[in-house]
Each structure stands twice: as structure tokens, then as C-alpha cells.
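[1] just need the structure, nothing else, for what follows:
(2 chains, ligands or ions: 1)
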Amino acid sequence: MTTTGIVLGIESSCDETGVGVVEVSGDGTVTLLADEIASSVDEHARFGGVVPEVASRAHLQAMVPTVHRALRTAGIAPSDVDAVAVTAGPGLAGALLVGVAAAKAYATAWEVPLYGVNHLTAHIAVDTVEHGPLPPALALLVSGGHSSLLQVSSLVTPLHPLGATIDDAAGEAFDKVARLLGLGFPGGPFIDRAAADGDPNSVRFPRGLTGPGDARYDFSFSGLKTAVARHVEALGRQGIAVPVADVAAAFQEAVVDVLTAKAIRAATDRGIDTLLIGGGVAANSRLRALAAQRCTAAGLRLRVPRRRLCTDNGAMVAALGAHLLAAGAPASALDIPADPALPITTSLVGVPWTSEQQQ
Amino acid sequence: MLVLALDTATSAVTAGLLRLPEVGSPEILAERVTVDARAHCELLMPSVCSVLATAGVSMHNLDAVVCGVGPGPFTGLRVGMVTAAALGDALALPVFPVCSLDAIAYRAGTGSPLLVITDARRREVYWARYDESGARIDGPHVDRPLDVPLAGASRVVGAPDVLGLPVVPPQYPDPAALVAVVAAAVLSRATPGPLHPLYLRRPDAWEPGPRKRVTPV
Ligand SMILES: [Zn+2]
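    Just a heads-up that it's a prediction; the model follows:
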């Protein structure tokens, strides 16, 4: 039994104010109708990282106009919306609050259910707007805030965490290395571009936590970042100009080598035949290429959303909301908090319902 | 006119429903004020629903929203403001901004010079000065307590305990005062000014200095 309808999703956990609109049809297909974003990324660039207060101010300014744009792009009236979904966590506290408070107001005024959802689950759910229903999968979530391996049996049951970074997130490592190579913020796209002209084998940087006794599914990028810094400083001492493209390529290779190797190992260990990669770092071209190559070799199906859907957006929140609506999930209560540390095992907040009850 | 008033600029989470007659003072139909500096997001929308239910009024019968725009500690302040903006948008209602200190001053009444002070956290206060007619003549500002000019104010209300003075009510804006401050504009069906928060402080942000070396020089 699938409920059909149109879901508006609001995302404000970091520096993107995102509002997406999707439609879920009777067979469970989720179709993207709008994906509008107002980003404050340029305001953070000179600080070398997202400044929470700057992001929160920008969310407040952008929220209502972005909702308008999304409705207009989707070609729908507010009365066509059947549910409002919002990122309830994890993320920056002050930034999350703006989205959650706005979503409560819209849901109440439009008299539709509110779904307060987990940002990380939404990164996985968004793939269904591009590649259709998701079979049981192993998910690699990589972004500026997270690097996790998760077992996904469905989008409306709790995710099972297998491993995560023990220090820096992958995206954080990209930011830090970009800065030390004199490249811009956020680091991911800059490293990706610089690395295109570099030799990934020019330096062999360390692969963290890949020794025989190391945690099988956890990541560590802090040592890699330090190794790159040492390398750059050593060149400086010798008066050698830093070959930025080569260092960027070698660093990127070390990151994506570990990410793909561990993700494929986890899928193989667990007998899962689908690997899904999501989050901002999934936009990295080398990660996409190496994952494709290794999945083919391992006989796995690879699913990676198009770049625009990998970075934070409202469509991913709407997509998860659509799956919850279709599954008949109860609405979140109006007193839900924004939870900066929302655990990955909670996909929908503010309801007594757990997906086990569904089964 | 039926007016919904919201304010989250102080530790009070304030929602109220008022009937604003063409002549005479606003009549409060229901209000809910909860002092909890850490739960603005959790409390505000349930409070709005509760005052509407208590008064038996549908959201769709509202004529205007009035919202405190601070100054106030930012995280809480934004909850009220984005709620007011979204409700105004969804229900096609005008949203009238009110300086939250003006609403406290209104509650304090007229007759003698007045200083309104609220807690800005981080050992600072927001303040504004009003003359005996109730007109704001200075502020709002944010300053260290020692830098607030107390001279000339015969009354200090709000949170003067931050300055070591006795607490004098009113400490918070209330729905009736929020609406009273902009009643004329609401009744005239004027187009409200932009809904801009009174932050008064710039965001804490530092441009990174030179990178620390990982190898000894
Ligand atoms: Zn994200």
C-alpha cells in the first residue's frame, strides 16, 4: 500500500539553503520536480571553513524566497503539497533551527504532515530520484562532515553503521590539503581540478587504517593530511617549487583508494551486491571513476547520484520524505528539536514509530 | 483584526492571539509565554497552535502577524523570525517587525525616562533609552554593562541584574505590547517594512592566520 503525493523538502544543516520538491507515485517511483539552492559558500571562503553564524544568517534570509522558487520551478501551488520534510540533524545547531522552524510553520499552515529527517539518510535517499527504487545496499557516505559505511536494508528502516572516520571527515581532509596547496575553499572541487593534470603516483602517501590489524571499516585521514604537509614543507626546505597538480593527484588517490577499497570490502563481506556512494565528496571525479572500475571488477552494482544531487540540497530531504509518506510513516510532532548530533540510526524524529513496527 | 504576535528575542518564548479593534486597545484572546532559553524551536509552534485552539480561531482567519526582531541572542531570535516569515508566506499575511526592546518599554508605561536592558550573553547587554513619552531616543545598542549610560534614566527594566541592579519587571515582551507598538500600522493595512533581525553584532569569524608547520624549522 503506497500513499502518493507531493513532498517539499527543506535542508539547512550547513551552508546551503535547499528546497526540493518531489512526487511519489503509486508504484513507489519518486520523481524530482524542483531542486532550488541558495548557497552562502562564497561568504565562508575567506575564512577557510563554514562560519556557523554566517550560515545561519544566510538561511534566515534565503528560506522563504527559496521555498517560492521551488514551488514555481515545480509548477505547483502550495495547496498541492502533501507533506513537508526537513533535515532535523545532524548539522550546525543554529543552521538546522532555521530550517526546522520554517518547516513546522509551513506544514502547520498548509495542514500537512511534517517529517523531521536525518540528513545522512537523505543523502542516500536522493539516489532514488535518479536511479529508481533502492535494493538492499552498502552505502559509503562521504562529505565535509562525515565519512561512514552503512548497511541499508531500506530507506524507512534504521541504517546499520559499519564504520566511520576516527578523525577528519574525507571532505575536511580535502579542505585542509587545498589550503596548504594554496587552492580555494571548499577544497574538493579545487583538488579535483588540480589533480586532473597531475600524476597520482608521483608520491605514495600513506593509506590510513589499512594495516592487517586495523579496524576493517573505519577511516582515518588525519595522518594523510600531515604527510602531505610534511612533503610540502620538505620541498620548501630544498627550495623546490611545489608541484601542486602532482601533490593534489597523489593526495586524492590516497583518499579514494582507501574509500573504495573499504566500501567494496564491506559489501563483499556482507554479501551485498549494490554499492551506493553519496555526500559531497561523491562529486569527486576520481572517486567516481575508481569506484566504477573496482565495482566492475568485484561484480558489484554501483549507484552514485549525479554531482548536483551529491552535495547538500533540498531534493534529498524531499526524497526521503516521499519514501516515508509512501510507507505510511506517522508525522513528526511539532515540538521536535533540531539535533546537531542526531544519530545515524534515527531516520525520522519525533515519532514513537520505529520501522520495525512496519515489518 | 486578528493578529498573531510572536517573539523569541529573550529567554521567553512568546505567542499570543489578539483582536485589534479599529478604535481602542488590543484585546488578548489567548497567550502562551514560556521562559526557556534553550527550547525556542521546540516550544514556539506548539504554542502558536495552542493559542489558536484556546481562542477557537483558525490560522486561516488571521489578518496579520507581528514579530519581535530583537535584538536578541541570535539562535533563538531566528526561530521566531523564520516562523513569522513562513507563516506570513504560507497564509499570505503581512508580517510587521517590532523592536523587542520597544515592546518591553511599552509594557513599562510612560511618564519618566526609561532604560530597557536585556541579556546579550557573553557579558554584554542590549539596551535602548526612551523618553517620558515612551519614544525611543537612543539604541538599540549592544555593550558591556559598564559602558551602558545609566544617568538620566529614572527607571531601568528588563534584565538589569546583569548590571548588578535589582530586576524590575517587565522582563520580556508580551503579545499585547508587541501588537500595541505597531497597532497603527497594522490597522492602516500599511505594507510592513522588511523583516530584518537586529543582530547588532557581527558574526564571530576569523580569517585563518599562517598555517602551523608540522615539521620543526
Ligand atoms: Zn551533507
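[2] just the strands in the stretch 201-350 of chain A please.
    A:274-278, A:301-303, A:348-349 (DSSP state E, counting those that start in this stretch).
[3] for residue 32, give the beta-bridge partners.
    Let's take chain A. Note on residue A:32: beta-bridge partners residue A:22, judged by DSSP bridges.
[4] I was thinking of chain B, sorry if that wasn't clear
    residue B:15.
[5] burial count for it?
    Residues contacting residue B:32 under the criterion other Cβ atoms under 10 Å in any protein chain shown number 19. (C-beta placed from N, C-alpha, C; glycine too.)
[6] what sits against it?
    B:14, B:15, B:16, B:47, B:50, B:51 (Cβ atoms under 8 Å, 6 or more residues apart in numbering or on different chains).
[7] save those as a markdown table, and put in distance to the ion too.
    Shown next, in a markdown table, are these (distance: Cβ to the ion, whole Å):
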| residue | distance to the ion |
| --- | --- |
| B:14 | 34 |
| B:15 | 32 |
| B:16 | 38 |
| B:47 | 31 |
| B:50 | 34 |
| B:51 | 36 |
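[8] circling back to that earlier point, so for the ion, which of the strands of the stretch 201-350 of chain A sits nearest?
    In terms of Cβ to the ion, the element of these nearest to the ion is strand A:274-278, at 8.4 Å.
[9] pLDDT weak spots in chain B?
    Scanning chain B for pLDDT under 70 picks out the ranges B:208-211, B:216-217.
[10] and it, which residues reach chain A?
    Chain B comes close to chain A at residues B:39-46, B:48-49, B:59, B:74-75, B:78-79, B:81-83, B:85-87, B:89-91, B:197, B:199, B:203-208, B:211, B:213-215, as judged by Cβ under 8 Å from any Cβ of the partner chain.
[11] so which of those belong to helices?
    B:40-46, B:48-49, B:74-75, B:78-79, B:81-83, B:85-87, B:89-91 (DSSP state H).
[12] from residue B:181, how far off is residue B:17?
    17 Å (Cβ to Cβ, to the nearest Å).
[13] so how far does stretch B:101-115 reach from one end to the other?
    End-to-end span of stretch B:101-115 (Cα to Cα, to the nearest Å): 10 Å.
[14] one more: stretch A:78-88?
    22 Å.
[15] next: stretch B:33-42.
    Taking Cα to Cα, stretch B:33-42 runs 13 Å from one end to the other.
[16] name the residues of it that are buried.
    Neighbour counts over stretch B:33-42 (16 or more other Cβ atoms under 10 Å in any protein chain shown) mark B:33, B:34, B:39, B:40, B:41, B:42 as buried.
[17] restrict the residues of chain B next to chain A to those near the ion?
    When Cβ under 5 Å from the ion is applied, no member of the residues of chain B next to chain A is adjacent to the ion.
[18] just the buried members of those?
    Of the residues of chain B next to chain A, these count as buried by 16+ other Cβ under 10 Å: B:39-46, B:48-49, B:59, B:74-75, B:78-79, B:81-83, B:85-87, B:89-91, B:197, B:199.
[19] up against the ion, what does the stretch 201-350 of chain A have?
    Residues of the stretch 201-350 of chain A lying near the ion (Cβ under 5 Å from the ion): residue A:312.
[20] now do the helices in the stretch 201-350 of chain A.
    A:222-237, A:244-269, A:285-298, A:307-310, A:314-326 (DSSP state H, counting those that start in this stretch).
[21] for the third one, list the C-alpha coordinates in PDB.
    Extracted C-alpha coordinates of helix A:285-298, given in PDB (Å, rounded to 0.1, in the frame of the first residue of the first chain):
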ATOM      1  CA  SER A 285      35.600  12.600 -10.400                       C
ATOM      2  CA  ARG A 286      38.400  10.200  -9.300                       C
ATOM      3  CA  LEU A 287      36.300   8.700  -6.600                       C
ATOM      4  CA  ARG A 288      33.500   8.000  -9.200                       C
ATOM      5  CA  ALA A 289      36.000   6.600 -11.700                       C
ATOM      6  CA  LEU A 290      37.900   4.300  -9.300                       C
ATOM      7  CA  ALA A 291      34.600   3.100  -7.700                       C
ATOM      8  CA  ALA A 292      33.200   2.200 -11.100                       C
ATOM      9  CA  GLN A 293      36.300   0.300 -12.100                       C
ATOM     10  CA  ARG A 294      36.600  -1.600  -8.800                       C
ATOM     11  CA  CYS A 295      32.900  -2.300  -8.600                       C
ATOM     12  CA  THR A 296      33.000  -3.800 -12.100                       C
ATOM     13  CA  ALA A 297      36.000  -5.900 -11.100                       C
ATOM     14  CA  ALA A 298      34.200  -7.100  -7.900                       C
END
